[in-house]
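> Structure of the sequence below:
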Amino acid sequence: MDTTRPAPVLVDDLIPIILESEDHWWPRDFQRLALVSPAWVSPVRKRLYAHPSLRSYRACQLLARTFTENPGLLSFVRSLELRPTADEHRTLDEREMQSLRRILGLKGLRSVTLGGDLAIAAQRFLGVMVDTRAVTELHIDGCMISKGRSTSLAPVVPSLEWDDAIAFRFPNLRSLTLSNVLLTIIPSMMDRPSGLTHLTLNNVDLDVGFLPDICQGSWETLRDLRVVGGNAVELDDGIRSMLEMCENIETLHCEARDLSSHPSIFDDQPPPCPSLRRLCLSGFDANPQTLQAIIQACPQLEDLAVLGRVVRISPEQWASFVTSGALPSLRRLVAPSGTNQPPFTFWSSSEFEKLYDACHAKDVELDSLTSKGSPRPLMF
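Next up is the predicted model:
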């Protein structure tokens with residue numbers, strides 16, 4: 001009797017499921033999987049070329065050549081991340097510029113990130129893009145330039161000039177993220193057809209312009225505003241204006257860095273935020289009056305986070321704030337692990353327990369350190 005069994009065979013229909021079950025494939029993994037059998041080639045290519053991330057001009061040249069030789073791969077590309085950086089003493093040659101034009105001319109891109117040299121006067125490269133109507137997410141990141149060339153005699157400044165020409169090229173943009181750039185906003189001369197819902201400014205310095213003009217045409221659609229770092233003092237007025245003009249904002253995240261005593265926008269004539277559901281203030285000088293201002297300005301708040309080493313709110317004051325029921329929709333509170341008396345002093349276990357009990361009684365989830373140096377949050 002023959003007891004040998006046939007070798008197990010993998011059903012081809014399972015290949016896409018296997019690839020989709022893991023989000024942390026490396027390019028070398030895809031290369032190995034493509035060699036398993038011909039059935040793996042197309043699904044692997046679809047994943048491998050869906051989100052190209054290039055950090056050198058040579059990589060740009062190789063990808064452009066690949067697309068020229070295999071035009072069938074173009075249909076797989078959905079997002080693009082370009083961060084090439086050249087030596088500061090060298091100019092780009094024609095082949096390198098040609099490869100950039102080839103890649104920026106791809107059609108059907110939904111998400112685009114420009115960094116490295118492309119973050120220097122980034123509007124130049126946005127103007128080279130062809131199918132900009134398909135783009136819904138755009139990120140300009142000058143991090144590599146602002147850090148990598150700080151020793152140059154003539155420092156190169158990553159920057160972006162936002163005007164009508166750029167805005168009209170991206171009519172379907174929903175998410176705009178600007179990081180480590182000098183921003184110039186040119187006032188709009190006409191109504192812009194835009195539906196921006198998410199705006200993030202990370203370490204952005206506003207050189208010229210009025211902040212709300214960057215989302216002109218999207219004042220009713222903007223839902224999420226995040227401002228981290230940068231010159232918070234100069235951006236304060238812009239954020240206030242954004243909250244006044246964009247009445248439907250539901251999430252506001254403001255994070256100050258290297259400002260030990262700067263108050264938040266809620267400490268001086270806070271604008272009304274009737275639609276705000278989630279608020280995070282980090283790095284600001286917060287006190288009990290800040291909480292009262294938040295109560296008045298944000299009556300529908302569901303998620304509140306006040307963090308940093310300059311928060312002057314005691315655990316007893318936090319507990320009183322929660323038990324007052326002044327924010328009836330509040331469901332989550334993220335508090336610091338201590339109070340700046342000064343100096344900053346960590347709360348004791350008993351103080352944590354009192355705040356925990358106050359939150360539990362109001363069905364509010366509390367996230368905070370349980371004690372000095374302990375990473376375990378209070379959860380229920």
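> going forward, measure contacts and count neighbours with C-alpha atoms only.
Fine.
> Return the residues in contact with Cys280.
Taking Cα atoms under 8 Å, 6 or more residues apart in numbering, we find Cys280 in contact with 252-255, 304-307.
> 7 Å instead?
Residues near Cys280 by Cα atoms under 7 Å, 6 or more residues apart in numbering: 252-254, 304-306.
> Check Val44 too.
Contacts for Val44 (Cα under 7 Å, 6+ apart) come out as 30, 34.
> Now it: which helix or strand?
helix 38-48 (DSSP states H and E).
> following the helix-or-strand element of the chain with minimal mean pLDDT, which helix or strand comes up?
The weakest-scoring helix or strand in the chain, judged by mean pLDDT, DSSP states H and E, is helix 143-148 (a mean of 63). Next along the chain after helix 143-148, taking DSSP H and E as the criterion, comes strand 159-162.
> residues making contact with that next one?
Strand 159-162 is contacted by residues 119-123, 181-186, 214 when judged by Cα under 7 Å, 6+ apart.
> Mind putting those residues into TSV with neighbour count and pLDDT?
Below are the contacts of strand 159-162 laid out as TSV (neighbours: other Cα atoms under 10 Å; pLDDT from 0 to 100):
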residue	neighbour count	pLDDT
Ala119	33	95
Ile120	23	94
Ala121	17	95
Ala122	22	96
Gln123	18	96
Val181	28	95
Leu182	22	95
Leu183	23	95
Thr184	19	96
Ile185	19	95
Ile186	16	94
Ile214	23	92
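> Next step: those residues restricted to helices.
The members of those that map onto helices under DSSP state H are Gln123.
> Is it possible to get CSV of the contacts of strand 159-162 that adds distance to Ile166?
Listed next are those as CSV, based on distance: Cα to Cα, whole Å:
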residue, distance to Ile166
Ala119, 15
Ile120, 15
Ala121, 12
Ala122, 10
Gln123, 7
Val181, 16
Leu182, 16
Leu183, 13
Thr184, 12
Ile185, 11
Ile186, 10
Ile214, 10
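> And the helix holding Val44, what's buried?
Buried positions in helix 38-48, judged by neighbour count with 16 or more other Cα atoms under 10 Å: 40, 43-48.
> of these, closest to Leu222?
Nearest to Leu222 among these: Arg47, at 31.6 Å, using Cα to Cα.
> distance of that closest one from Leu19?
From Arg47 across to Leu19, the span is 8 Å (Cα to Cα, to the nearest Å).
> I'm done for today, thanks for sticking with me.
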